[in-house]
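Participant: no sequence for this one, just the structure:
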């Protein structure tokens, strides 16, 4: 498996993601959008964006490990945030700490009106390439 992450000349160099990730490998994992539910299906952190983000990254870790991957294998993440406001970014970045290191994926953040349940404040999906 080979993963290259870069920001092409002529594009802004962002601090929290790469514009381009080129990956080659035999196995690709598509991780369904994770929300802040625990193993019992209970919503963690109702009304608390940071707590929900932390639970989601833990859920992503579990899903990645089940597929034989880590966050270093993640090539693309999409984050959906209900009623997005820029003031939420620090809590999102804090939740990422300890999970995503220097190997930053290509990332998209989208503000949405609602998710599957009214308690959900955000949802994150990931694509990873292994072996």
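Facilitator: Nice, I can see it. This structure is a prediction, so every number in the text was calculated from the model and none was measured. Residues are numbered from 1 along each chain as shown.
Participant: A strand includes residue 32, no?
Facilitator: Yes - counting by DSSP: H, G, I helix; E, B strand; the rest coil, residue 32 is part of a strand.
Participant: report the separation between it and residue 24.
Facilitator: Computed as C-beta to C-beta, to the nearest Å, the residue 32 to residue 24 distance reads 24 Å. Using the backbone N, CA and C atoms, a C-beta is placed for each residue, glycine as well.
Participant: again with residue 130
Facilitator: The value you get for residue 130 to residue 24, if C-beta to C-beta is used, is 11 Å.
Participant: quick check: neighbours shared by these two?
Facilitator: residue 1 (C-beta atoms under 8 Å, 6 or more residues apart in numbering).
Participant: higher neighbour count, those two?
Facilitator: It is residue 130, of residue 130 and residue 24, that has more neighbours when counted by other C-beta atoms under 10 Å, with 18 against 9.
Participant: report the beta-bridge partner residues of the more buried one.
Facilitator: Residue 130 has the following beta-bridge partners by DSSP bridges: residue 27.
Participant: helices of this protein, start to end?
Facilitator: Using DSSP state H, the helices of the chain run over 49-66, 89-96.
Participant: I'd like those helices written out as CSV, with mean neighbour count, mean pLDDT and distance to residue 12 added.
Facilitator: Putting the helices of the chain into CSV (neighbours: other C-beta atoms under 10 Å; pLDDT from 0 to 100; distance: least, C-beta to C-beta, whole Å) gives the following:
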stretch, mean neighbour count, mean pLDDT, distance to residue 12
helix 49-66, 19, 98, 24
helix 89-96, 16, 96, 16
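Participant: now the ones you listed as a markdown table including distance to residue 4?
Facilitator: Shown next, in a markdown table, are the helices of the chain (distance: least, C-beta to C-beta, whole Å):
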| stretch | distance to residue 4 |
| --- | --- |
| helix 49-66 | 19 |
| helix 89-96 | 21 |
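Participant: that concludes my questions; thank you for your assistance.
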